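>>> sequence below, structure please.
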Amino acid sequence: MGTYFNPGNESFTCDKNSKIYIDKTGLLEYLNDVICTNGKCIAVSHARRFGKSHAAGMIDAYYSRGCDSYELFQDTEIATKDDFRKYMNQYHVIHLDIASVWDFHKDDLIEEIQERLCDDFQKVYGNSINYEKDLFLLIKDIYDIEKIPFVIIIDEWDCVIRNSGDEALVHKYLQFLHSLFKSEESKAFLALAYITGILPIKKIRDESALNNFREYTMLKSKQLTKYFGFTEEEVKELCKKYDMDFDTVKTWYNGYLIDGLHMYNPNSVVQAMLDHDVDSYWKNTSSFESINTFITMNYEGLKDDVLTMLSGGKVRLNVNTFQNDLNTVASKDDALTALIHLGYLGYDAEKKSAYIPNYEVASAFELALQTGSWNEVARSISKCDELLDATIDGDASRVAELIELAHETYPRGKRLCRPCIYPKSKCWKTTCNGSGTKI
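Purely as a prediction, here's the structure:
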């Protein structure tokens, strides 16, 4: 019906029509259990390219009164549930992508959001309501007229928190969200709130604005884990269908262990299947500058920890000190926790440790090491490859030369391992000795 108010099902239709589509409609069954209850506020903070926007389009299609999605969902998991039709296309839906507004309206973000929604409202209600009111009061007026509850979806909700250093703007934005999700008026009209982002929300300023949300993060996603990213079983089935070696795909894209489930980056897996080629696809869609930002911070022990992880090890850290704000990283643990939320590190909750999850991410770290104070490390890693090749070729003089160079680089007896975090049988390097080449 509208762009922001009662959107259609075009986004989900596009996803379903794609050559590779994995059914994640089980998420809707969970949302149906919490809609119009005290658990109706859901916050999903996962790394980019892990299916958050796909889920938001699916929620549009299922709940929005702006479309009829019965046929679209007929062959999905949710269609087998008893309450399938009960909630379908029964709600007013508001869907906002904050990042798309922020790019052009940093100074008047809230006013622009309200203006865009009011344009959609006016197409339906004409001049029968007062558009001069604050948005939450306007929504309350619409609810009072029709008694149809609202589902509010906000994609990239944390865009302002991540990108703005203006405390006044952040405060204003959080008060705006408070009015939509926690004011007395919203208690009447709000059936479901579903917000997505990269950062968790627990410790941001003005915490009361959003502390009624239940969070699902890269650290802990509880029962929603399997609906974001691809599970191991889903990847196995894709490998069979597209005649790809599962062990190779696992080496490149596995490694995110969340609540006991092995999760894969769905964007990279899809590209690998379609191209029939394992490669680093994520770097083409998400800036790896974030790695540089955090690993070049001069915190004691950070460089050693990164080297440990590149060598296949894990490092213990305290994820609870991170304030969920990329502008207030104050320690080594904060820097590593930020990289976990951004998807550049995995997290072992049982051992409270961070690690590099797979070769795709390991290659991104190697690329990041080419600059700044890490130059000598990058050169040594490169020489490790050359040393291995020279050894295989039987070039004794070159081997001796490279070993001497290594000793000059690390005069105190430090040793650097060429990153290798998998046993030889599953390694991406055909010449790997299974434990890394130490010099």
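
>>> what about stretch 295-307, distance to the chain center?
24 Å (Cα atoms, centre = their mean, to the nearest Å).

>>> dump that stretch to CSV, restricted to CA.
What follows is stretch 295-307 as a C-alpha-only set of coordinates in CSV (Å, rounded to 0.1, in the frame of the first residue of the first chain):
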residue,chain,number,x,y,z
ILE,A,295,43.5,-3.7,16.0
THR,A,296,45.6,-0.6,15.6
MET,A,297,44.5,0.8,19.0
ASN,A,298,47.5,0.9,21.3
TYR,A,299,46.1,-1.3,24.1
GLU,A,300,48.6,-3.5,25.9
GLY,A,301,48.5,-7.1,24.7
LEU,A,302,46.2,-6.5,21.8
LYS,A,303,48.8,-7.2,19.1
ASP,A,304,49.8,-10.4,20.9
ASP,A,305,46.2,-11.5,21.1
VAL,A,306,45.6,-10.9,17.4
LEU,A,307,48.7,-12.9,16.6
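
>>> what average pLDDT does it get?
Here stretch 295-307 scores 81 as its mean pLDDT.

>>> cool, and stretch 128-141?
93.

>>> buried ones in that stretch?
Using 16 or more other Cβ atoms under 10 Å as the test for burial, stretch 128-141 gives 129, 131, 135, 136, 138, 139, 140, 141. (Each C-beta comes from the backbone N, C-alpha and C, glycine too.)

>>> any chance you could map the helices in the stretch 251-400 of the chain?
266-275, 289-295, 302-310, 332-341, 359-368, 375-393, 396-409 (DSSP state H, counting those that start in this stretch).

>>> related to what we said a few turns ago, would you mind giving the buried residues of stretch 128-141 as CSV with distance to residue 78 and secondary structure added?
Output for these, formatted as CSV (distance: Cβ to Cβ, whole Å; DSSP: H, G, I helix; E, B strand; the rest coil):
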residue, distance to residue 78, secondary structure
129, 34, coil
131, 36, coil
135, 30, helix
136, 30, helix
138, 32, helix
139, 27, helix
140, 30, helix
141, 32, helix
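
>>> pLDDT weak spots in the stretch 151-300 of the chain?
Scanning the stretch 151-300 of the chain for pLDDT under 70 picks out 202-208, 283-289.

>>> give me that answer again for 80
164-165, 202-209, 282-293, 295-298 (pLDDT under 80).

>>> which residues touch residue 7?
Residue 7 is in contact with 1, 60, 64, 66, 67, 93, 95, counting by Cβ atoms under 8 Å, 6 or more residues apart in numbering.

>>> correction: the previous question concerned residue 344.
47, 288, 290, 291, 361, 364, 365.

>>> quick one: which of those is most hemmed in?
residue 361 (28 neighbours; other Cβ atoms under 10 Å).

>>> confidence score at that one?
Residue 361 is given a pLDDT of 87.

>>> quick revisit: among the contacts of residue 344, which pair sits farthest apart?
47 and 365 (15.1 Å; Cβ to Cβ).

>>> just put the contacts of residue 344 in a markdown table and tack on distance to residue 312.
As requested, these are exported to a markdown table (distance: Cβ to Cβ, whole Å):
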| residue | distance to residue 312 |
| --- | --- |
| 47 | 21 |
| 288 | 20 |
| 290 | 22 |
| 291 | 18 |
| 361 | 13 |
| 364 | 16 |
| 365 | 12 |
